[in-house]
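In: The sequence and its predicted three-dimensional model are supplied below.
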Protein chains: 2
Amino acid sequence: MVRTRSEERRAEILRAALEVIAERGYRGATLGSVAERVGLTQQGLLHYFPTKEALLVAVLEERDRWDTSGGRDREGWRLDLLDSLVEYNAMRPGIVQTFSALLGESVTDGHPAREFFTERYAQVRASMADVLRLEFGERLPGGLTPERAAPLLTAVMDGLQYQWLLDPAAVDMPGAFRDFLRLLRGDAEE
Amino acid sequence: MVRTRSEERRAEILRAALEVIAERGYRGATLGSVAERVGLTQQGLLHYFPTKEALLVAVLEERDRWDTSGGRDREGWRLDLLDSLVEYNAMRPGIVQTFSALLGESVTDGHPAREFFTERYAQVRASMADVLRLEFGERLPGGLTPERAAPLLTAVMDGLQYQWLLDPAAVDMPGAFRDFLRLLRGDAEE
DNA sequence: CGTCACCTACCGATCTACAGGTAGGTGTGC
DNA sequence: GCACACCTACCTGTAGATCGGTAGGTGACG
């Protein structure tokens, strides 16, 4: 059980890092402030993660593990699961903020998360296309192919998150997302 | 013409700042690197903009001026103008990157651009709703009201930009945006 | 059973590198 | 001769990282 202690510590640190990155982004986050949150010195933290970048990588890896296990089924998502994913996100502004901040930073030159996001979006688009194909076949009601609709679906999720983070009262994120799904489905509401 | 000289300099500085922010974000940008790009020392730059934040504010103000004059008509955009706006953006990755990086950073606590973006998005949504109403009236073909569709339109633009910045070859931004407009218009393609 | 070798989990001091900002100039042109 | 457009010289703060410890534990062997 001594082994566990160490991994517990690492998990604590990752959680704290997530918070600090949400608050200040990766560039703005300092090792010291992460360390402080778990009752360590900066040097103590470096014992667990040898560099700042290693800490970031660990955060990203955990995210990867999370959303390729918890959320995704053997055969991928279903469309209504996406819906509840967005609702889930709406209850976790912290996580959303962390990854929105990282995404924003990652488009800058030489950012350590850039490759991660590039690959991740390729996967996400592919996965979205699968979901859509499963649901609608080769043509969605609106006339698009799954491959053409997938980037839009992804874009809507991200774009809504930014608007929602900036002003939660101004945007009903889950509602807006459902609106978009209705558009894809081609059923008029009312 | 001496007056002009000074304003020329300021304009040069703003352009350089835009570049540097695109490359490293606001937090990552340094006054020194902006100054260097226009052949000044860091302190020489501070002669024109007394603080780093003042420089950022000037950048944001210029953006504001730009996209409430150049792009927008007395009565707002037309839907097909949006289309060419996206095409225009696709030719200017630098600008897009600057403001995508800033948007990402701005969701972090106490970021100096946060208020700017919050207000800007409120305006943009309102403006989008106007465009849609002008084009379709109170109900879009897909069944949405202009107010419900506006956040989606905005989200698609932003979200596509991130995907495109991360991997320009993977996403046809103008094409995808046109796909979305078709969805709103309700006309199946082919 | 004790002690020697070694590991883990840290901390303090310190180094290096900038970063933003201030104070007080100097030169040039009107 | 004075205002503007800068520069040199600094100061202060902070960030990431290294170095060299220390304290506690574990295991092996004589």
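Out: Arrived safely, thanks for sending.

In: Domain-wise, how is chain A divided?
Out: In the assignment given by automatic domain parsing, the structural domains of chain A cover A:1-56, A:71-190.

In: Can you get me a residue count around A:Leu14?
Out: 20 (other Cβ atoms under 10 Å in any protein chain shown). Every residue, glycine included, has its C-beta placed from N, CA and C.

In: repeat for A:Thr41
Out: When neighbours are defined as other Cβ under 10 Å, A:Thr41 has 12 of them.

In: So for A:Arg74, what's the pLDDT?
Out: On pLDDT, A:Arg74 comes in at 50.

In: hmm, I was thinking of A:Arg78
Out: The per-residue confidence score, pLDDT, reads 80 for A:Arg78.

In: Next up, phi/psi of it, please.
Out: Dihedral pair for A:Arg78: phi -110, psi 160, per degrees, to the nearest 10.

In: need the contact list for the closest residue to it other than its chain neighbours.
Out: Leaving out its chain neighbours, the residue that sits closest to A:Arg78 by Cβ to Cβ, 6 or more residues apart in numbering or on different chains is A:Val131, at 6.7 Å. For A:Val131, the contact set (Cβ atoms under 8 Å, 6 or more residues apart in numbering or on different chains) comprises A:76-79, A:82.

In: What parts of chain A come near DNA strand D?
Out: By Cβ under 7 Å from any atom of the strand, the part of chain A that sits against DNA strand D consists of A:2, A:29-33, A:42-43, A:46, A:50-53.

In: would you list the residues you listed in JSON lines and tack on neighbour count?
Out: As requested, the residues of chain A next to DNA strand D are exported to JSON lines (neighbours: other Cβ atoms under 10 Å in any protein chain shown):
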{"residue": "A:Val2", "neighbour count": "5"}
{"residue": "A:Ala29", "neighbour count": "23"}
{"residue": "A:Thr30", "neighbour count": "13"}
{"residue": "A:Leu31", "neighbour count": "20"}
{"residue": "A:Gly32", "neighbour count": "14"}
{"residue": "A:Ser33", "neighbour count": "16"}
{"residue": "A:Gln42", "neighbour count": "13"}
{"residue": "A:Gln43", "neighbour count": "10"}
{"residue": "A:Leu46", "neighbour count": "16"}
{"residue": "A:Pro50", "neighbour count": "10"}
{"residue": "A:Thr51", "neighbour count": "11"}
{"residue": "A:Lys52", "neighbour count": "18"}
{"residue": "A:Glu53", "neighbour count": "12"}
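
In: For DNA strand C, state which of those is nearest.
Out: Comparing the residues of chain A next to DNA strand D against DNA strand C with Cβ to the nearest atom of the strand places A:Gln43 closest, at 3.6 Å.

In: Which strands and helices lie in contact with the strand or helix carrying that closest one?
Out: For A:Gln43, the host element (DSSP states H and E) is helix A:42-48. Other elements packing on helix A:42-48 under the criterion 3 or more Cβ pairs under 8 Å, 6 or more residues apart in numbering or on different chains; DSSP states H and E are helix A:2-28, helix A:31-37.

In: pLDDT on the first one, on average?
Out: Computed over helix A:2-28, the mean pLDDT rounds to 87.

In: Now do that helix: which elements does it pack against?
Out: Using 3+ Cβ pairs under 8 Å, 6+ apart as the test, helix A:2-28 ends up in contact with helix A:31-37, helix A:42-48, helix A:52-69, helix A:93-106, helix B:2-28, helix B:93-106.

In: Select, out of those helices, the one closest to DNA strand C.
Out: Ranking the helices and strands packed on helix A:2-28 by proximity to DNA strand C (Cβ to the nearest atom of the strand) places helix A:42-48 first, at 2.3 Å.

In: so which residue of chain A comes closest to chain B?
Out: Using Cβ to the nearest Cβ, the closest approach of chain A to chain B is made by A:Gly104 at 0.8 Å.

In: I figured that residue was touching B:Gln97, is that so?
Out: No. Because the distance of 10.3 Å does not satisfy Cβ atoms under 8 Å, A:Gly104 is recorded as not touching B:Gln97.

In: Find the helix or strand that A:Asp80 is a member of.
Out: Using DSSP H and E, the element containing A:Asp80 is helix A:79-90.

In: List the contacts of that helix.
Out: Identification of contacts with helix A:79-90 by Cβ under 8 Å, 6+ apart yields A:71, A:73, A:77, A:95-96, A:131-132, A:135, A:153, A:157, A:160-161, A:164, A:173-174, A:177-178, A:181.

In: OK, contacts around the residue most central in space within chain A?
Out: Centroid-nearest residue in chain A: A:Phe99, 5.1 Å away (criterion: Cα atoms, centre = their mean). Shown here is A:Phe99, whose contacts under the criterion Cβ under 8 Å, 6+ apart are A:Arg63.

In: That one and A:Gln123: what is the separation?
Out: 15 Å (Cβ to Cβ, to the nearest Å).

In: Kindly report the same for A:Thr41.
Out: Between A:Thr41 and A:Gln123 the distance, using Cβ to Cβ, works out to 38 Å.

In: Kindly report the same for A:Arg78.
Out: Using Cβ to Cβ, one gets 17 Å for the distance from A:Arg78 to A:Gln123.

In: cool, A:Ser100 as well?
Out: A:Ser100 sits 18 Å away from A:Gln123, taking Cβ to Cβ as the criterion.

In: again with A:Tyr26
Out: A:Tyr26 sits at a distance of 21 Å from A:Gln123 (criterion: Cβ to Cβ).

In: Between these two, which is the more surrounded one?
Out: For A:Tyr26 versus A:Gln123, neighbours defined as other Cβ under 10 Å are more numerous around A:Tyr26 (25 against 13).

In: Convert the C-alpha atoms of the host helix or strand of A:Leu183 to CSV, please.
Out: A:Leu183 belongs to helix A:173-185 when elements are defined using DSSP H and E. Listed next in CSV are the C-alpha coordinates belonging to helix A:173-185 (Å, rounded to 0.1, in the frame of the first residue of the first chain):
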residue,chain,number,x,y,z
MET,A,173,-25.3,25.3,-24.2
PRO,A,174,-27.2,22.0,-24.1
GLY,A,175,-30.2,23.6,-25.6
ALA,A,176,-28.3,25.1,-28.5
PHE,A,177,-26.6,21.8,-29.1
ARG,A,178,-29.9,20.1,-29.3
ASP,A,179,-31.0,22.7,-31.8
PHE,A,180,-28.1,21.8,-33.9
LEU,A,181,-28.8,18.1,-33.7
ARG,A,182,-32.3,18.8,-34.8
LEU,A,183,-30.9,20.7,-37.8
LEU,A,184,-28.8,17.6,-38.7
ARG,A,185,-31.8,15.3,-38.2
